[in-house]
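[1] sequence plus predicted model, see below.
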Amino acid sequence: MTSQEPTRIALEDAQANSDTMELAKPGAIPSEQSRQYQLEMFDASMTGNIIVVMDTGSGKTHIAVMRIKAELERCPPQKRVWFLAPTVALCEQQCSTLRTNIPYVQTRLLVGSDNVDRWSEQRIWDAVLENVRIVVSTHGVLSDALSHGFVRIDELALLVFDEAHHCAGEHPANKIMKNYYHPLLQLKGPHAVPHILGLTASPVIRSRPSDLEIIERNLNALCRTPRVHRGELLEYVHPPTFVRLAYLSSPSIYGQYTSLALLSLVAVYSNAMNSSTSRDSDDIDLIKENSKVLRELKSFCTKACHIYDELGEWAADYYIKTSIDIWSTAETKRNGDPFFDNGKRSNALLELLLHQVQNAIPSNDRSLGPQEWGDMEDQMREEYQKDASKRQKLQQLEDAEEHVEGRSNARFEIKSTGALLTLETAVAHIHHFCATLPPQPFVDLQPKFYFQESFYGLITGNVTLPNCVDSSVRTAASGWEWKSERMAKKDAAFQAYVALYKKGLVNDNLLPLLLGKDEEVMPDIETRASVEEVSEIFNPWASIAKSWMEPGESLKKKLISITRPDRPTLYLVIIFPQGLPALESFTIYWDNEITYSISITDTPPMSVTDIPFIPIMRQVTSTIFQAVHINRMPAGRDDFLALFIPHIGEGLLQSWLEESAGNVPATEILNTNPNAASYGLIRDQARYAAPHTFKEFADDGTIKVIRLPKRRDFLHRSFASKSDTENEMDCSEKPALFLPLESSTVDKLPMEYVECSLLIPSIMHRLWRQALALDLYSAVFEDQGFLNLDYVITATNAPSANENSNYQRLEFIGDSVLKYLVCVNLYATQPSWPEGYLSRAKDQAVANSRLSRAALAVGLDRYIVTKTFTARKWSPPYIQDILEASSSPEKRTLSTKVLADVVEALIGGAFLDSGYEGAATCISRFLPEVPITAPLDIFAGGTHTESVFAPTSLANGHLADVERLIGYQFKNRGYLLEAITHPSCEHDSYTSSYQRLEFIGDATLDMIVVSFMIDNAPELSHGRMHLTKTAVVNAGFLAYLCMDSSFEQVVTDVSLSPNHYSTGFTEVHSSKLVYLCQLMRHQHPEINTVMGSCLERYHNLQPAIASAIAHGNEYPWVLLTSLAPAKFLSDIVESIIGAVLIDAGGDLSACKKVAENLGLIAYLRRILDEDIDILHPKNKLGEMSGGRTVEYKLGKEGQEYTCTVEVGGTAIVSVSQGISQEEVMTRAAYMAAELLG
């Protein structure tokens, strides 16, 4: 048999079996035959809620499988069964069983490894549970899902509780029933809640009958065990065998002790263990009793050893002696050591302890006498009983409070989702909320609880949240007074979380809007594909082509004027069946030196009486086209989209056509018309009839000519400046050709119309772009937002189109405008959101993925020009071709980044065209979910936040110092107070930290810089604009400006007068600098240390940095990274800018003035006016590497960083002694670039 033979036989057997196998029917009982007691339990479960009580291994899961199948057959398809098990391993086992036995429905396992705790959006749960009929999970998964409203209890048809005895107390299984099942049952009745099936082998853990009633009441089910077929059940039940495994302690453990009493006690325990393990008894009760005694004895030994280790020999002896005395005198039950609290006592063991252990306790002069021992025992017993009584009383109070009707049962439920908040869950919720706030250095985000006790001994709980939370909900107090701190804490957390929800900081699922990584409730930033299939570019000629099919009462005419330097102006009339958009004059490049100016103006339309002239106009148009484009014109077609005719009356067209159409033999021209200036194009009919311009007649019977240049694109200077003389229109510099006179012809069309024919492709392209932009303006913007269509044209020109302008510069401007307006509006419309929420919402709105989707939503993809205008391949547009193309539109692929860039470019164009109002209109068109209003309108009515700031804080004298430093006086100092309040500042519960203002200030600072560049460097390229903005708004430069802003404080001292005969003192005046950063309000002690280190580095580097800013030709990247400033230094600058913007009512000029006073505008102006090298060293090194790979190898020696730069695998330079990775990388890149340069 070959190696493949077994496989072949197996395949044949499988195929043979498949012919005789009967397909399993849905809902059929599994292949294992159901036992009678299982069917008995199944029947009972179909008539009511039951808890199946059967021994382990008796087949409870099989009953559950049957019950689930039956429920799936009778319940609506939108409902599902939820199987609950206490452990993940059991869930996996049960899920496998259900999938095997019920394969026709989807069974979903939900456990922690699936990251269920991060599924914090309804859409995630909907997607996971779509088409799922059975879910298997732990109790906690379902409990959490119900608590947040992701799953509703009325969506379930059957709840199966494996190990149902867990449904008690605070177990998640009981929470499911108590918080969701029973309330709905009382409200709507049994038909509104799922059926219950419990499975357990031990319904109660303890022997109290009341425990069984509790389980039944919690599960709303009755315990049932087989009765009719109990005999069959016993056949399949195999009780466990008890095997004792003894683990003896190593003698070496106790060898170190010097206490004879302790050593004797250990010996008693060891002997008892040996005696117990040697006994072979089948008496289970005896085994249990002996085990209990040994456990108590082991605990006694362990505690005695611990006391010996902690306090010494005397304490261990005292503990052992006293314990034995208490035990020996006990009558029935004692309140002594817990070792003796429970169970029966062994008289034999007592005797052993009395004789072997107590006698080993030494008695010497240093020992306490009987009276002293007795007094000490009484005192210790009294103190212990007092503490135990206090703990017991407190526990009773807490237990009693948890059952106070109307207080402990406080509930806050969201009707729309079913999410529920209770006192039991509130503390966890408030901790979770704080944990989702963006982390900050030097800041503890944990909620802080405080308690106040009233005169009557009742306790009120208070909670304070981090100061990035809105001040109106930062603190909360319990709604009731309680007898215990635990309940007061729960109540305070409950009230705080309800307030957060009402403030909009918690969603309808009672989850924070912003969670941690991979568990977002506020939608995450959209992902996007790199390319997208989009519509082919829209052809605005389609509507004109349709109009030609049913021409109106008149035809629209425009006069084309071609102004040529030092030559007569050319005129041509273009005719369409409908109006064309107005077109500004534009320039064409006749050659690398000569430019023409073309203007297109309206002329009176042709009346209906002139319609019969259309055929002759088409012939005229064809004549003009054929002069240059005959090779790309199908024979016999004249259904041109646009008609071009001379600027003459329509009645003269026929005679013009007779004079200008066709050609004549060159020999005839030679004999009849010696005026060479009137000659048209010369063509050698024997050699493809290529067009040439006439130079002169030669004596040898030939014609000296110059070939007509192939260039057809006159819109781009780049084509006019190419070195290839083939494309030059100046024929005087071209090589001459000689054509035979006999086979040559001369076109009758004058050369002025040949020039027009050459320029028609460029003119038509400009008209096409104008029409495309106009259609975009009408369709997308509904004729709002723009006054100048040139911005629309530029914004929709991709760089790949190679037009004279593209969207890159407008995109750079629009990016800053979009960020600025979105941030300002989010700040104004969401006054209670912390900075993390605002940043997430902003990132969602301005993300390329969102913008590209917005572009597709409004159909912007149809207007983006990506292909280069190829005039050489141009052919006259024909009506029929356009109509056919429009009836079957094609698709193309387009980068999603291009889509997003065009949106930003349109925003930038709208800003340049109509200011913030135009930009706001444009943004609202693309992002309707983000209401946008111009800043001056948002803050025009002023603000009303003065009242939320503590008056004592507003009286802060340092506020005036800050105002002097920045050169702005606040109308509402509350904003300035907030702007200098670090997140670690917790003593002021009225004032929020600067994070919200820093959020808006960051965008405002970008806008200041971009606006300044627009006003002062309108021709600056987008690349240079980007580098410039980065240079003046990076964190290092802003931190330097912060530390460089200071004022002097006069310091006065006195000294003894130098005159020996005088006893007077002399005043000594000096000054010290107070820095802006030192006015920041904070509480963390480490901030002072960090700030001191930053200022020390500033003092060392300030002269060099100041010199570079004032006089240097290079941007001081290396020096600024060597500052290694703390983030709060740049944050302060941005937050102050944001505060000024709001206080000034949205007036950006006030913010610009502050930036000027800080020194930012001065350096920005110098960068724009002078040729300062602002390229970052790493970027410079990348450019100088010549395509070779650049690697930065980082290391650390102690607390210092090192970096080695390798270019193309060769080490160039190494630096060390850096205080940050960024510093050593920048320094190494700078040095490497210098070496390579």
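    Cool, got the structure. This is a predicted model, so every value here is computed, not measured. Residues are numbered from 1 along each chain as shown.
[2] what comes up buried for the helix or strand encompassing residue 844?
    Using DSSP states H and E, the element containing residue 844 is helix 835-846. By neighbour count with 16 or more other Cβ atoms under 10 Å, helix 835-846 contains the buried residues 835, 836, 837, 838, 839, 840, 841, 842, 844, 845, 846. No exception for glycine: its C-beta is placed from N, CA and C like everyone else's.
[3] in this structure the last one contacts residue 818, no?
    So that's residue 846. Yes. Shown here, residue 846 and residue 818 form a contact pair, counting by Cβ atoms under 8 Å, at 5.5 Å.
[4] now the buried residues of helix 835-846 as JSON lines including distance to residue 235?
    What follows is those, written out as JSON lines (distance: Cβ to Cβ, whole Å):
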{"residue": "835", "distance to residue 235": "69"}
{"residue": "836", "distance to residue 235": "64"}
{"residue": "837", "distance to residue 235": "64"}
{"residue": "838", "distance to residue 235": "69"}
{"residue": "839", "distance to residue 235": "68"}
{"residue": "840", "distance to residue 235": "63"}
{"residue": "841", "distance to residue 235": "67"}
{"residue": "842", "distance to residue 235": "70"}
{"residue": "844", "distance to residue 235": "65"}
{"residue": "845", "distance to residue 235": "70"}
{"residue": "846", "distance to residue 235": "72"}
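[5] ok, so of these, who is nearest residue 670?
    Among those, residue 846 lies closest to residue 670 (Cβ to Cβ), at 71.7 Å.
[6] list phi and psi for residue 129.
    Geometry field for residue 129 lists phi and psi as phi -90, psi 0, criterion degrees, to the nearest 10.
[7] residues in contact with it?
    By Cβ atoms under 8 Å, 6 or more residues apart in numbering, residue 129 lies in contact with 80, 108, 135, 151.
[8] neighbours around residue 1014, how many?
    The burial metric for residue 1014, expressed as a neighbour count using other Cβ atoms under 10 Å, is 17.
[9] and the strands in the stretch 201-350 of the chain?
    Along the stretch 201-350 of the chain, the stretches classed as strands by DSSP state E, counting those that start in this stretch are 222-224.
[10] would you map out the domains in the protein?
    Using automatic domain parsing, the domain ranges for the chain come out as 36-235, 256-367, 411-502, 541-765, 958-1057+1064-1174, 1178-1237.
[11] where does the stretch 651-800 of the chain have low pLDDT?
    Within the stretch 651-800 of the chain, the stretches with pLDDT under 70 are 671-678, 718-734, 783-786.
[12] part of a helix, is residue 711?
    No. Inclusion of residue 711 in a helix is not indicated when DSSP: H, G, I helix; E, B strand; the rest coil is applied; the result is coil.
[13] kindly provide the distance from it to residue 546.
    From residue 711 over to residue 546 the distance is 34 Å, taken as Cβ to Cβ, to the nearest Å.
[14] neighbour count: the two, which is higher?
    residue 711 (20 against 15).
[15] against residue 872, how distant is that one?
    From residue 711 over to residue 872 the distance is 8 Å, taken as Cβ to Cβ.
[16] who are the neighbours in contact with the closest residue to residue 695 other than its chain neighbours?
    Leaving aside its sequence neighbours, residue 695 sits nearest to residue 704 (Cβ to Cβ, 6 or more residues apart in numbering; 4.2 Å). Contacts for residue 704 (Cβ under 8 Å, 6+ apart) come out as 694, 695, 696, 697, 698, 736, 737, 738.
[17] can you check residue 613 too?
    Residue 613 makes contact with 606, 650, 653 under the criterion Cβ under 8 Å, 6+ apart.
[18] list the backbone torsions phi and psi for the first one.
    Backbone torsions for residue 606, taken as degrees, to the nearest 10, come to phi -80, psi 130.
[19] need phi/psi at the closest residue in space to it that isn't next to it in sequence.
    Among residues not flanking residue 606 along the chain, residue 555 sits closest, at 4.2 Å (Cβ to Cβ, 6+ apart). Per-residue torsions, residue 555: phi -110, psi 140 (degrees, to the nearest 10).
[20] residue 555 and residue 607, how far apart?
    Using Cβ to Cβ, we find residue 555 at a distance of 9 Å from residue 607.
[21] again with residue 875
    If you go by Cβ to Cβ, the gap between residue 875 and residue 607 works out to 31 Å.
[22] so these two - more neighbours on which side?
    Counting neighbours by other Cβ under 10 Å for residue 875 and for residue 607 shows that residue 875 has the greater number, 13 against 10.
[23] what residues of stretch 958-976 count as buried?
    In stretch 958-976, the ones that count as buried by 16+ other Cβ under 10 Å are 959, 961, 962, 965, 966, 968, 970, 972, 973, 974, 975, 976.
[24] show me those residues that map onto helices.
    959, 961, 962, 965, 966, 973, 974, 975, 976 (DSSP state H).
[25] which residues are in contact with stretch 497-505?
    Where contact means Cβ under 8 Å, 6+ apart, the residues beyond stretch 497-505 that reach it are 412, 414, 421, 426, 429-430, 433, 469-470, 472-473, 476, 506, 510, 512-513, 830, 832-834, 837.
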